[in-house]
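Undergrad: below are the sequence and a predicted model for it; my questions follow.
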Amino acid sequence: MKQNNMLAMILAGGRGSRLHELTRKVAKPAVAYGGKYRIIDFALSNCANSGIDIVGVLTQYESILLNSYVAAGGRWGLDAKNSGVFVLSPREKADTDLDVYRGTADAISQNMDFIDSYSPEYLLVLSGDHIYKMNYAKMLAFHKKQNADATIAVIDVPLEEASRFGILNTDETGRIQSFEEKPKNPKSTLASMGIYIFNWKSLRKILVADQKDTQSQHDFGKDIIPVLIGQNKSLYAYRFEGYWKDVGTIDSLWQANMDLLDKNNPLDLNDPTWKIYTEDATTPPHYIGPDASIKRGFITQGCVIEGEVANSVLFTGVKIGPGAVVTDSVLMPGVTVEAGAVVNRVLAADGVTIGKNASVGSKDGSIELIARNVKGVE
């Protein structure tokens, strides 16, 4: 069912500094995931599958690749008449001469004219760097049923991890009583997923006031949500119980890929009722050599495997040479592991070559990022 009264805005300007070399030249939402996808495919596919026609993608850091990628709206069925994916960048500010968004709310404020041109009743604000599947139409139905001014998607997290998130405290009906940004002593385990539905006219007024507030950080969690609560607006928590991963670190990105090896993984990329759309890479089928060995592998098209692979995820075009051994690793597009090399508990960046007979990886159980070519051993 088309959600013509709701427009989506995806915040995709994050640098993702904790991913180190992986985001040196590309924005975090453009980082590869799951063999053939990019992280932003999930938010865009969720929009398309939820019947949302108009999607604005707000880019900023290292945006060239991401801009060209999301501009091809046809990948997600969003390039037809009366629908589309629109790339939106920061405006130059006279006071700073910097083309930047000062915060998540500022990113929306700078694009109010774009939003107003479609006159939506509701605005959906999303983070573009999380991996999950969600039907936003169901969230909107909940929002309407509660007659809410704002609805925030939440997920239960372990208490020991709660201090990493924005934490919501609710009453027994689910109405939000308070919001704490990364509290040292969290009062609940309901973590914000960075997914919001607002009544646009009401939010617009608050954003206009926020732009004039010199003390504001122009952030939804730190400023806008507390203002709404302070005004006694009706805010509700929408509980999400599926798979959700904030892939903000090397370890979490590695783990999110490794989760795909679990046949009971709730993300289920093979679900025909909720497809995750992506760029269709032009590559041949994968090839498994006569002496190759694969034990529990997630293998994408274009791979050539002549060595041993165990408990690993191989992206498009990965090559494993004769006698090479790859264990507990995630190899991104175009990685080459030459003959005799040993790779263990590694996340290898796009296009890296691990030379002949080289040995790389963790000896203490941690995950090692390999972002540059590794010289072989003769």
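TA: Perfect, I can see it now. Every value quoted in this text rests on a predicted model; they were computed, and no experiment measured them.
Undergrad: got the contact list for H130?
TA: Neighbour list for H130: I39, F42, A43, M193, G194, W244, K245, D246, V247 [criterion: CB atoms under 8 Å, 6 or more residues apart in numbering]. (Glycine included, C-beta is placed from N, CA and C.)
Undergrad: now those as JSON lines including distance to D156 and secondary structure?
TA: Shown next, in JSON lines, are these (distance: CB to CB, whole Å; DSSP: H, G, I helix; E, B strand; the rest coil):
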{"residue": "I39", "distance to D156": "23", "secondary structure": "coil"}
{"residue": "F42", "distance to D156": "20", "secondary structure": "helix"}
{"residue": "A43", "distance to D156": "21", "secondary structure": "helix"}
{"residue": "M193", "distance to D156": "11", "secondary structure": "strand"}
{"residue": "G194", "distance to D156": "16", "secondary structure": "strand"}
{"residue": "W244", "distance to D156": "10", "secondary structure": "strand"}
{"residue": "K245", "distance to D156": "14", "secondary structure": "strand"}
{"residue": "D246", "distance to D156": "14", "secondary structure": "strand"}
{"residue": "V247", "distance to D156": "19", "secondary structure": "coil"}
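Undergrad: and the furthest pair within those?
TA: Taking CB to CB as the measure, those span a maximum distance of 14.5 Å, between I39 and M193.
Undergrad: who's more crowded, the two?
TA: Neighbours of I39 and M193, each counted by other CB atoms under 10 Å, are more numerous for I39; the result is 25 against 20.
Undergrad: ranges for the helices of the stretch 1-150 of the chain?
TA: Secondary structure of the stretch 1-150 of the chain (DSSP state H, counting those that start in this stretch): helices at 40-49, 64-70, 104-109, 112-116, 136-145.
Undergrad: for T278, which of those is the nearest?
TA: When the helices of the stretch 1-150 of the chain are compared (using CB to CB), the closest one is helix 40-49, at 4.7 Å.
Undergrad: buried subset of the contacts of H130 as a ChimeraX selection?
TA: Buried residues among the contacts of H130 (16 or more other CB atoms under 10 Å), as a ChimeraX selection:
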select :39,42,43,193,194,244,245,246,247
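Undergrad: between the contacts of H130, which is nearest T151?
TA: M193 (11.4 Å).
Undergrad: ok, and the closest non-adjacent residue to that closest one?
TA: A153 (4.4 Å; CB to CB, 6 or more residues apart in numbering).
Undergrad: remind me, longest helix of the chain?
TA: Across the chain, the longest stretch assigned as helix under DSSP state H is helix 200-212.
Undergrad: list the buried residues for it?
TA: Buried positions in helix 200-212, judged by neighbour count with 16+ other CB under 10 Å: W200, L203, R204, I206, L207, D210.
Undergrad: same question for stretch 212-220.
TA: By 16+ other CB under 10 Å, the buried positions in stretch 212-220 come out as S216, H218, D219, F220.
Undergrad: please apply the same query to stretch 351-369.
TA: Per 16+ other CB under 10 Å, stretch 351-369 contains these buried residues: V352, T353, I354, G355, K356, A358, V360, G361, I367, E368, L369.
Undergrad: the third one and E368: what is the separation?
TA: Translated: I354. Between I354 and E368 the distance is 11 Å, computed by CB to CB, to the nearest Å.
Undergrad: what residues are shared contacts of the two?
TA: V360.
Undergrad: packing partners of the next helix or strand after the longest helix of the chain?
TA: Note on helix 200-212: by DSSP states H and E, the next helix or strand toward the C-terminus is helix 225-230. Judged by 3 or more CB pairs under 8 Å, 6 or more residues apart in numbering; DSSP states H and E, helix 225-230 is in contact with strand 150-156, strand 176-181, helix 200-212, strand 235-239.
Undergrad: closest one to A310 among those?
TA: With CB to CB as the yardstick, what comes closest out of these is strand 150-156 (31.7 Å).
Undergrad: any idea how far whatever helix or strand comes next after that closest one is from the chain center?
TA: Per DSSP H and E, the first helix or strand lying C-terminal to strand 150-156 is strand 166-170. For strand 166-170, the distance from its own C-alpha centre to the chain's C-alpha centre is 22 Å (CA atoms, centre = their mean, to the nearest Å).
Undergrad: now do the buried residues in stretch 51-58.
TA: I52, D53, I54, V55, G56, V57, L58.
Undergrad: could I get those as TSV with pLDDT?
TA: Shown next, in TSV, are the buried residues of stretch 51-58 (pLDDT from 0 to 100):
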residue	pLDDT
I52	94
D53	91
I54	93
V55	94
G56	94
V57	93
L58	92
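Undergrad: circling back to that earlier point, which one of the helices of the stretch 1-150 of the chain has the lowest average pLDDT?
TA: The stretch with the lowest mean pLDDT among these is helix 64-70, at a mean of 81.
Undergrad: by contact count, what packs against it?
TA: On a contact count with 3+ CB pairs under 8 Å, 6+ apart, helix 64-70 meets helix 40-49, strand 84-88.
Undergrad: give me that answer again for 10 Å
TA: strand 37-38, helix 40-49, strand 54-58, strand 84-88 (3 or more CB pairs under 10 Å, 6 or more residues apart in numbering; DSSP states H and E).
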